[in-house]
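In: Sequence and computational prediction follow.
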Amino acid sequence: MAPDPDTGANGLVRDRGQPGPHAAEPARPAPAPQEVPGADCSQEILEAAKQVAALLKAGDCRFALAGGVAAYAHGVPRRSLHDVDFCILHEDVDDVCQVLAAAGIRVWTPPEDWLLKADCRGQNVDLIMELADRPVTPGLLARAEVRPVDSVRMPVLHPTDLVSGLLDAFSDHHCDFGAVLPIARTLRERIDWAEIRGRGKGKPMSEAFLFLLERLDVIAPADGSSSDAEEASP
């Protein structure tokens, strides 16, 4: 009998139907984290990141930390964190679900087909298979740098890939330059800006952000010319 196309190699139901013993559950709203309204849960989010990363490492799963916690791991001053993001491969979804479910971490499938969601220590954890419509690849994970998040070392997206993914996510509905600016400013010496420009070519939001970085003298103009601020200096 041919396998059900909605069932993974290990019997994990992806999007609909009844989950197996270690399956990601069907789509359901995430439970509200147990927190005081307005409270900063950043430390609990870091603890959740450490716990999930330790489990994925022990389960020999391929992954890399992304998002705001990745920026913090690279040395960007910590701001209020909202969730934990990990990049994983499409082909590793079943293994990741098994590892987390075996540790009692609930995993479910949201309406979006490019990520899974989990709940660890009352905090939201996103397990991402695509970054702004670009599939997570073995090459992307291989470029990750192993860095500590507090006391736990884990693979963290390379600064170039981290910032590129943030720029690719800009849209007419979400374009928060202020959130990405301190990341780009702090990591500018470790980012391949030529690669960033190549990936963002023809994308108005990315090009506008790069222009802003030039005007703020965070990066040099693409043509190597001096900025207006430098030219105006006596």
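Out: Now that the structure is in, tell me what you want to look at. None of these values were measured; they are calculated from a predicted model.
In: Distance check, Asp119 against Ala71.
Out: Per C-beta to C-beta, to the nearest Å, Asp119 is found 23 Å from Ala71. Quick note: C-beta positions are derived from backbone N, CA and C, even for glycine.
In: which one is the residue sitting nearest the centre point of the chain nearest to, not counting chain neighbours?
Out: Taking C-alpha atoms, centre = their mean, the centroid of the chain lies closest to Ala66, which sits 3.0 Å from it. Counting by C-beta to C-beta, 6 or more residues apart in numbering, the nearest residue to Ala66 once its immediate chain neighbours are dropped is Asp85, at 4.1 Å.
In: Identify the residues contacting the residue nearest to the centre of the chain.
Out: By C-beta atoms under 8 Å, 6 or more residues apart in numbering, the residues touching Ala66 are 85-87, 128, 131, 157, 162, 165.
In: Name the strands paired with whatever helix or strand Ala118 lives in and say parallel or antiparallel.
Out: If you go by DSSP states H and E, Ala118 is part of strand 115-120. Strand 115-120 has the following strand partners under DSSP bridges: strand 106-108 (antiparallel), strand 123-128 (antiparallel).
In: Domain map for this protein?
Out: Following automatic domain parsing, the chain resolves into domains at 41-157, 159-222.
In: Can you say which of those is packed in most?
Out: domain 41-157 (a mean of 19; mean count of other C-beta atoms under 10 Å).
In: tell me how far the ends of that one are from each other?
Out: End-to-end distance for domain 41-157, by C-alpha to C-alpha, to the nearest Å: 23 Å.
In: How about stretch 61-76?
Out: End-to-end span of stretch 61-76 (C-alpha to C-alpha): 26 Å.
In: Dump the C-alpha coordinates for stretch 140-148 into PDB.
Out: Taking Å, rounded to 0.1, in the frame of the first residue of the first chain, the C-alpha atoms of stretch 140-148 are listed here in PDB:
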ATOM      1  CA  LEU A 140      23.000  27.500   5.400                       C
ATOM      2  CA  LEU A 141      23.300  25.300   8.500                       C
ATOM      3  CA  ALA A 142      27.000  24.500   7.700                       C
ATOM      4  CA  ARG A 143      27.800  28.200   7.700                       C
ATOM      5  CA  ALA A 144      26.400  28.600  11.200                       C
ATOM      6  CA  GLU A 145      28.900  29.500  14.000                       C
ATOM      7  CA  VAL A 146      28.900  27.600  17.300                       C
ATOM      8  CA  ARG A 147      28.400  30.300  20.000                       C
ATOM      9  CA  PRO A 148      27.200  30.200  23.600                       C
END
